[in-house]
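Q: Sequence and predicted structure below; questions after.
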Amino acid sequence: MTVDLPDSVRIVEVAPRDGFQNTRAFIPTGRKVHIIENLLEAGLKEMQIGSFVSARAIPQMKDANDVVTTILSRHDADGLSVLVPNMNGARRAADAGIGEITYVISVTEPHNRANVKRGVAESFDELRGIIASPEFRFRRIKLDLATAFGCPFEGRTPQSLVLERVAAAREMGIRDICLCDTIGTATPKQTRDLLELLGGSCPEVTFRAHFHDTRGAGIANSLTAIDAGVRIIETSAAGIGGCPFAPGAAGNTATEDLVFVLDAMGVNTGIDLSKLIRAAKDLVRQIEDPGASGHLIHLDDDKLFPPGLYRAAGR
Ligand code: COA
Ligand code: ZN
């Protein structure tokens, strides 16, 4: 694979949302805050720091308000966002004072029903209501399109269905869309084909990409997306993550694994890799049964940076 490299790529960290939501044992609020602060300290300024979802659906997120308000009281809010599934979540986000929300809709009908208990059309209607509501003053409303590549109930997701969802979002003014490989079945070819199609048909939309590493293709898909023009990739420290309502979903592309590859190829991410690896290792220690799919977290500290590695890579 040849990769056409940009000077820089933005990484959006999703461990505190996608990772924590898939962790069964409750992570105490203080520990969540500590993990988020370690990641911020490593330079991950763009981060999903939780989700305002039903505590019955995701008990792990019952303290999301405390996590968000604590982080906002101590850090610059720019780049921090929360995931919301409905109007109720948007209201909670507004009350918590966060300026940026990520609304989630699945491309495929059965996954949207399993995840947020409503049809895709109903989810779009609710998003339209959030956008139109004078009660909210969000700086940015982004859209996560789950199951954009594959669905646990319907198999491979047709490109035409992704296009349909993207068109519906554009029509209501959404300009920032993340294509999520929720169950980790995407391939580099599928990634390139979809992005070429979308890039050509809607140049005013900024596409992000989010690949689960369930089958080991996360880095390859992320690099392919970058090669196809994507400049924002979502990853999760230590590779924790998965959707509890998507059977078989597991492990995200690990942030530190992708940052290592980009760093070694001279692509700037603004992230301190040593601090990030320390934060990812610490995260795994703090969480019971994290389901981490990252590679670098398994290397001893003295094996992480062999002398001359970066010079050999042309830096
Ligand atoms: N945050 C917190 N509580 C919420 C909520 C939200 N965003 N939306 C609804 N609720 C509460 C309601 O207040 C109600 O509480 P009550 O029973 O004490 O009165 C209860 O949840 C049921 O409300 P309802 O509107 O009927 O929701 P539902 O049961 O149909 O569930 C969702 C719909 C969207 C709230 C739920 O499926 C959900 O949170 N899904 C998110 C799943 C997720 O996070 N997946 C991974 C990320 S992609
Ligand atoms: Zn995910």
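A: Sure thing, it's come through. Ligands and ions are numbered 1, 2, ... in the order given.
Q: CA atoms for contacts and neighbours, from now on please.
A: OK.
Q: So which residues on the stretch 1-150 of the chain come close to ligand 1?
A: Neighbours of ligand 1 within the stretch 1-150 of the chain, by C-alpha under 6 Å from any ligand atom: 52-55, 57-58, 85-86, 88-89, 115-117.
Q: most neighbours, which of those?
A: residue 52 (25 neighbours; other C-alpha atoms under 10 Å).
Q: contacting residues for that residue?
A: 61, 64-65, 82-85, 89-90, 92-93 (C-alpha atoms under 8 Å, 6 or more residues apart in numbering).
Q: all helices for the stretch 101-250 of the chain, in order.
A: 109-116, 120-132, 159-171, 188-201, 218-227 (DSSP state H, counting those that start in this stretch).
Q: C-alpha coordinates for the third one, PDB please?
A: I take that to be helix 159-171. What follows is helix 159-171, C-alpha atoms only, in PDB (Å, rounded to 0.1, in the frame of the first residue of the first chain):
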ATOM      1  CA  GLN A 159     -22.800   2.500   0.000                       C
ATOM      2  CA  SER A 160     -26.100   3.700  -1.200                       C
ATOM      3  CA  LEU A 161     -27.500   3.600   2.300                       C
ATOM      4  CA  VAL A 162     -24.600   5.600   3.700                       C
ATOM      5  CA  LEU A 163     -25.100   8.200   0.900                       C
ATOM      6  CA  GLU A 164     -28.800   8.400   1.900                       C
ATOM      7  CA  ARG A 165     -27.900   9.100   5.500                       C
ATOM      8  CA  VAL A 166     -25.300  11.600   4.600                       C
ATOM      9  CA  ALA A 167     -27.700  13.400   2.300                       C
ATOM     10  CA  ALA A 168     -30.300  13.600   5.100                       C
ATOM     11  CA  ALA A 169     -27.700  15.100   7.500                       C
ATOM     12  CA  ARG A 170     -26.500  17.600   4.900                       C
ATOM     13  CA  GLU A 171     -30.000  18.700   4.200                       C
END
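Q: List the buried residues of that helix.
A: The neighbour-count check on helix 159-171 (16 or more other C-alpha atoms under 10 Å) flags 159, 162-163, 165-166, 169-170 as buried.
Q: and these as a markdown table, adding pLDDT and distance to residue 202?
A: What follows is these, written out as a markdown table (pLDDT from 0 to 100; distance: C-alpha to C-alpha, whole Å):
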| residue | pLDDT | distance to residue 202 |
| --- | --- | --- |
| 159 | 97 | 14 |
| 162 | 98 | 12 |
| 163 | 97 | 10 |
| 165 | 98 | 12 |
| 166 | 98 | 9 |
| 169 | 98 | 11 |
| 170 | 97 | 9 |
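Q: Could you identify the most distant pair in those residues?
A: 159 and 170 (16.4 Å; C-alpha to C-alpha).
Q: Residue 279 contacts residue 38, correct?
A: Yes. Using C-alpha atoms under 8 Å, residue 279 makes contact with residue 38 at a distance of 5.6 Å.
Q: neighbour count winner among these two?
A: residue 279 (25 against 18).
Q: give me every residue that touches residue 12.
A: Contacts of residue 12 by C-alpha under 8 Å, 6+ apart are 44-48, 232-235.
Q: was I right about residue 157 contacting residue 163?
A: No. At 10.9 Å, residue 157 does not count as touching residue 163 under the criterion of C-alpha under 8 Å.
Q: just the helices of the stretch 101-250 of the chain: most buried one?
A: Of the helices of the stretch 101-250 of the chain, the one with the most neighbours on average (mean count of other C-alpha atoms under 10 Å) is helix 218-227, at a mean of 23.
Q: Quick one: distance of it to the chain centre.
A: 14 Å (C-alpha atoms, centre = their mean, to the nearest Å).
Q: Helix 188-201 and that helix, what's the angle between them?
A: Angle of helix 218-227 versus helix 188-201, following axes from the mean of the first three to the mean of the last three C-alpha atoms, to 10 degrees, is 30 degrees.
Q: Report all helices and strands that helix 218-227 contacts.
A: On a contact count with 3 or more C-alpha pairs under 8 Å, 6 or more residues apart in numbering; DSSP states H and E, helix 218-227 meets helix 188-201, strand 206-211.
Q: How far off centre is the last one?
A: Taking the mean of its C-alpha atoms, strand 206-211 sits 8 Å from the chain's own mean (C-alpha atoms, centre = their mean).
Q: for stretch 150-162, same thing?
A: 19 Å.
Q: Stretch 196-209 now?
A: For stretch 196-209 - counting by C-alpha atoms, centre = their mean - the centre lies 18 Å from the chain centre.
Q: pLDDT averaged over it - what is it?
A: The pLDDT scores in stretch 196-209 average 93.
Q: again, but for stretch 60-79
A: 98.
Q: if we look at it, which residues are touching it?
A: 20-21, 23-27, 29-30, 32-33, 37, 45-47, 49-55, 92, 96-100.
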